[in-house]
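*Asks:* fold the following and give me the result.
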Amino acid sequence: MLRDGLALGCDEALRVWDEDLADLHVQAKALILARVARILTFGLVFVGAKSRDTASSQLGLLLASSLGLPCVTRVIALRIDAAGSVKATRRLAEGYQERIESITPLVATMEASEERGRYATFPALLNASEREIPCLSLSEIGIPLHLVRETESRLSFGRLNFPASRTIPIAAPDSSLPAFERREKLREGSMRKRAAVIVTGEAGDVAEKLFQTLLGEGWLDHLRKGQA
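*Replies:* From the prediction side, this is the model:
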């Protein structure tokens, strides 16, 4: 993938590798990438909106938090004007879009494009195959292994479990009703009417109310004890 990037026009590529880095979770990845970004210096950092394995959509946010920078998520278009200001268009739910303007440095998470990207030319692929790609270990970027393990242990998830189903007693419909009406009566007895609650206030208060609601309804029972 690094050589593909070079063939498509990237100036340089860098690999971070260590035998102990197998199966890293997103928290440790953010820690390592933040360290590399500080070493190389940067103005704008791009990451994918979500990975192909877990699709957690957390890497960009955690990376921005580690760097102490703002993060613009779900970006589908981006340009930088002459003054260095970043103008980004981000995708929202139900087909809506939002335009945001920010100064650098900045972290942006990029949505996958629906358009097929261009292919690298054969000469470019040959040239990329011969390029030397530097490879750094944890010790070379100044991160001890115990710090990586400690970072991963701060937020650990167990097996995802959904709340157990609850049995709802349903009265037998009147046998004199037509068959389709009896089926409708049975369906109505097993359906719960949806309800919505609008929570307003400061961001911290809203987040706490949402967390307590999820906790009370059992959606967070899969979290390990003491980590919630």
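*Asks:* now do the strands in the protein.
*Replies:* Remark: strands assigned in the chain by DSSP state E are 15-16, 44-48, 71-80, 86-91, 97-102, 106-110, 135-136.
*Asks:* same question for the first one, mean pLDDT?
*Replies:* Mean pLDDT, computed over strand 15-16, is 92.
*Asks:* run me through the strand neighbours of it, direction for each.
*Replies:* The strands that strand 15-16 pairs with in its sheet are strand 135-136 (parallel) (by DSSP bridges).
*Asks:* show me what the partner strand is in contact with.
*Replies:* 14-17, 36 (CB atoms under 8 Å, 6 or more residues apart in numbering). For every residue, glycine as well, the C-beta is placed using N, CA and C.
*Asks:* so which of the residues you listed wins on neighbours?
*Replies:* Neighbour tally across those (other CB atoms under 10 Å): the maximum, 18 neighbours, falls on residue 16.
*Asks:* do you know the pLDDT at the residue nearest to it when sequence neighbours are not counted?
*Replies:* Distances taken as CB to CB, 6 or more residues apart in numbering put residue 136 closest to residue 16, at 5.3 Å, once the chain neighbours are dropped. At residue 136, the pLDDT value in this model is 92.
*Asks:* could you verify my assumption that residue 199 touches residue 208?
*Replies:* No: counting by CB atoms under 8 Å, residue 199 stays clear of residue 208, with 9.8 Å between them.
*Asks:* what segments of this structure are helices?
*Replies:* Counting by DSSP state H, the segments of the chain that form helices are 2-7, 26-40, 59-67, 122-130, 138-141, 145-153, 179-190, 203-216.
*Asks:* out of these, which gets the lowest mean score?
*Replies:* Looking at the helices of the chain, the bottom one is helix 179-190 with a mean of 78.
*Asks:* report the distance from it to the chain centre.
*Replies:* Helix 179-190 sits 41 Å away from the centroid of its parent chain (CA atoms, centre = their mean, to the nearest Å).
*Asks:* now what about it, what contacts it?
*Replies:* With contacts defined as CB under 8 Å, 6+ apart, helix 179-190 is touched by 168, 170-171, 173-175, 177.
*Asks:* per-residue confidence at residue 101?
*Replies:* Value listed for residue 101 in the pLDDT field: 92.
*Asks:* beta-bridge partners for it, please?
*Replies:* With DSSP bridges as the rule, residue 101 is bridged to residue 87.
*Asks:* now do the buried residues in stretch 169-183.
*Replies:* Along stretch 169-183, these residues count as buried under the neighbour rule (16 or more other CB atoms under 10 Å): residue 173.
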